[in-house]
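*Asks:* sequence unknown, structure follows:
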């Protein structure tokens, strides 16, 4: 048998390298052998290894292979062994070890395995040095582990709150603050949230601070979400923030985790500025286009019908808007498009840098698929087994309680209704045209019918036909919109489409 290098097998035990444990532990194969034996050894063999390793804690803790031996002793050792090892770590200086590449791993393992009394002894060593450790490349992981293990700890909370704005702007500090929001509870968490909200306006646009604000939206109180919402929408701020790299992340998260009224107001702010091309400006912006895409996921049916025809004609050929309009159609692949055209763009398979605008036929299909998704959305609203929620952590229709049979039945029903809509599409178009011509503004005729159908849908005692009606009129609206381009209709007729 050799002490260094290969030569360890299953028939060996730690007794055979007695007196050389600390040396063998710093060699790769030797370290693996000792770790394996510690996981299966009896108490006597494990105690022998512990007695040798405890006298070389500092040396082993900072070694690339030796640190694993101390971690194994913490994991497989007795409570008495762990307590003795905790005392030795304190003697070596826990804070100093935490700033080392391998030493911080040993300290984190100790925090995971020691009893609460010993953990508190280790943590007390960080008093007055928390902020410094948070900014350290290695020690910040130890602080995160402390927050996770001891979710309620005033020593850490007090120092973080004292410098929260600067820590939230730091690449490592923002991680610690996020762990606090995830792990802390009660009064400690509220103190952190209160401090974050105080600096929310500056953090929203910060490179790292925006992540802290996003965590507030996912783990904060309703009052915190409301405060961030007001900062986003005050003085028509949505357009400005949506075009910034960091702040646009916050706007997207707000759309996902805000309640239905907050989402509606953000989308409405885009619509209110249609005259100044705000929606188009966002859709063509390198960062704003992601906000538009997220907004399309959470718009109301009426907002969809208003937003799509306003944005589409001006952005179809813009480079940045491709991610926003190229909607996935996998969930509607069995539903025919309102147009029968099957033309494809000859440049569709070119590289991203050479991307060419899709032809009108393909573009029509993309937006038609969005209309079908709106129909599916409305059908789910009218289904007795689904309900909408304003819970900030839930943004989708709650269908968790539907079983497989109900899902199949719903899909079959929807497909049957869609088939019926295809047959009646021409009749609906003619009827809509006749009604609209009698009005001064034909566009208002279509929108009036949409709004009336939506009122029926959301009124008490609404039923599936109301959803089908709104879905059908919406399809007429979009189909007519694109058909008017091909047919070269008059201005009034184009508005009707």
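*Replies:* Ah, there it is. Quick caveat: nothing in here was measured; it's all calculated off a predicted structure. Numbering: from 1, shown residues only.
*Asks:* So which other helices or strands are in contact with the helix or strand residue 97 falls within?
*Replies:* Assessed by DSSP states H and E, residue 97 sits inside helix 94-98. When contacts are defined as 3 or more CB pairs under 8 Å, 6 or more residues apart in numbering; DSSP states H and E, helix 94-98 sits against helix 103-113, helix 139-149. Placement of C-beta: from N, CA and C, glycine included.
*Asks:* Quick one: those helices as a markdown table, columns for distance to residue 185 and mean pLDDT too.
*Replies:* Putting these into a markdown table (distance: least, CB to CB, whole Å; pLDDT from 0 to 100) gives the following:
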| stretch | distance to residue 185 | mean pLDDT |
| --- | --- | --- |
| helix 103-113 | 19 | 96 |
| helix 139-149 | 12 | 94 |
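*Asks:* Rebuild the ones you listed as JSON lines, extending it with mean neighbour count and distance to residue 68.
*Replies:* Below are the helices and strands packed on helix 94-98 laid out as JSON lines (neighbours: other CB atoms under 10 Å; distance: least, CB to CB, whole Å):
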{"stretch": "helix 103-113", "mean neighbour count": "22", "distance to residue 68": "8"}
{"stretch": "helix 139-149", "mean neighbour count": "22", "distance to residue 68": "17"}
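*Asks:* Just send those helices back as TSV, with distance to residue 283 too.
*Replies:* Shown next, in TSV, are those (distance: least, CB to CB, whole Å):
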stretch	distance to residue 283
helix 103-113	46
helix 139-149	39
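*Asks:* Figure out which of these is closest to residue 11.
*Replies:* Closest approach to residue 11 among the helices and strands packed on helix 94-98 is made by helix 103-113 (29.2 Å; CB to CB).
*Asks:* what sits up against that closest one?
*Replies:* Applying CB atoms under 8 Å, 6 or more residues apart in numbering, the contact partners of helix 103-113 are 61-62, 67, 70-71, 74-75, 82, 85-86, 89, 94, 96-98, 118-119, 122-123, 138-139, 141-142, 145-146, 149.
*Asks:* Buried residues, the helix holding residue 97. List them.
*Replies:* 94, 95, 97, 98 (16 or more other CB atoms under 10 Å).
*Asks:* Also stretch 35-54?
*Replies:* So for stretch 35-54, counting by 16+ other CB under 10 Å, buried means 35, 37, 38, 41, 45, 46, 48, 49, 50, 52, 53, 54.
*Asks:* Would you mind measuring the gap between the ends of that stretch?
*Replies:* In stretch 35-54, first residue to last residue: 15 Å (CA to CA, to the nearest Å).
*Asks:* still on that earlier bit, restricted to helices, list the buried residues of stretch 35-54.
*Replies:* 35, 37, 38, 45, 46, 48, 49, 50, 52, 53 (DSSP state H).
*Asks:* May I see these organised as a markdown table, with pLDDT added?
*Replies:* Formatted as a markdown table, those follow (pLDDT from 0 to 100):
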| residue | pLDDT |
| --- | --- |
| 35 | 95 |
| 37 | 94 |
| 38 | 95 |
| 45 | 94 |
| 46 | 95 |
| 48 | 95 |
| 49 | 95 |
| 50 | 96 |
| 52 | 95 |
| 53 | 96 |
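*Asks:* of all the residues you listed, which comes closest to residue 232?
*Replies:* Of all these, residue 232 sits closest to residue 35, with 51.5 Å by CB to CB.
*Asks:* quick one: contacts for residue 190?
*Replies:* Residue 190 touches residue 221, counting by CB under 8 Å, 6+ apart.
*Asks:* quick one: residue 227 is in a helix?
*Replies:* Yes. Residue 227 sits within a helix when classified using DSSP: H, G, I helix; E, B strand; the rest coil.
*Asks:* C-terminal to the host helix or strand of residue 201, what's the next element?
*Replies:* According to DSSP H and E, residue 201 maps onto helix 200-204. Next along the chain after helix 200-204, taking DSSP H and E as the criterion, comes helix 209-219.
*Asks:* can you list contacts of that next one?
*Replies:* With contact meaning CB under 8 Å, 6+ apart, helix 209-219 is reached by 168-169, 174, 177-178, 181-182, 193, 196-197, 199-200, 202-204, 224-225, 228, 246-247, 249-250, 253-254, 257-258, 392-393.
*Asks:* Give me the below-cutoff pLDDT ranges for the stretch 151-300 of the chain.
*Replies:* Residues of the stretch 151-300 of the chain meeting the criterion pLDDT under 70: 152, 272-281, 298-300.
*Asks:* where do the helices sit along it?
*Replies:* 154-162, 164-168, 173-183, 186-198, 200-204, 209-219, 222-233, 238-242, 247-257, 260-272, 278-283, 288-298 (DSSP state H, counting those that start in this stretch).
*Asks:* now these as CSV including distance to residue 19?
*Replies:* Below are those laid out as CSV (distance: least, CB to CB, whole Å):
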stretch, distance to residue 19
helix 154-162, 41
helix 164-168, 48
helix 173-183, 43
helix 186-198, 49
helix 200-204, 57
helix 209-219, 51
helix 222-233, 60
helix 238-242, 66
helix 247-257, 58
helix 260-272, 69
helix 278-283, 71
helix 288-298, 63
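*Asks:* right, and these - which one's nearest residue 431?
*Replies:* When the helices of the stretch 151-300 of the chain are compared by CB to CB, helix 260-272 sits nearest residue 431, at 27.2 Å.
*Asks:* now the angle between helix 288-298 and that closest one, please.
*Replies:* Computed by axes from the mean of the first three to the mean of the last three CA atoms, to 10 degrees, the angle separating helix 260-272 from helix 288-298 equals 130 degrees.
*Asks:* by contact count, what packs against helix 260-272?
*Replies:* Going by 3+ CB pairs under 8 Å, 6+ apart, helix 260-272 lies up against helix 222-233, helix 238-242, helix 247-257, helix 278-283, helix 288-298, helix 301-315.
*Asks:* still on that earlier bit, who are the packing partners of the helix holding residue 201?
*Replies:* Helix 200-204 packs on helix 164-168, helix 209-219, helix 222-233, going by 3+ CB pairs under 8 Å, 6+ apart.
*Asks:* Kindly spell out which helices and strands sit in contact with the longest one.
*Replies:* In other words, helix 222-233. Partner elements for helix 222-233 (3+ CB pairs under 8 Å, 6+ apart): helix 186-198, helix 200-204, helix 209-219, helix 247-257, helix 260-272.
*Asks:* Dump the ones you listed to CSV, plus distance to residue 236.
*Replies:* Converted to CSV, the helices and strands packed on helix 222-233 look like this (distance: least, CB to CB, whole Å):
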stretch, distance to residue 236
helix 186-198, 22
helix 200-204, 15
helix 209-219, 19
helix 247-257, 13
helix 260-272, 6
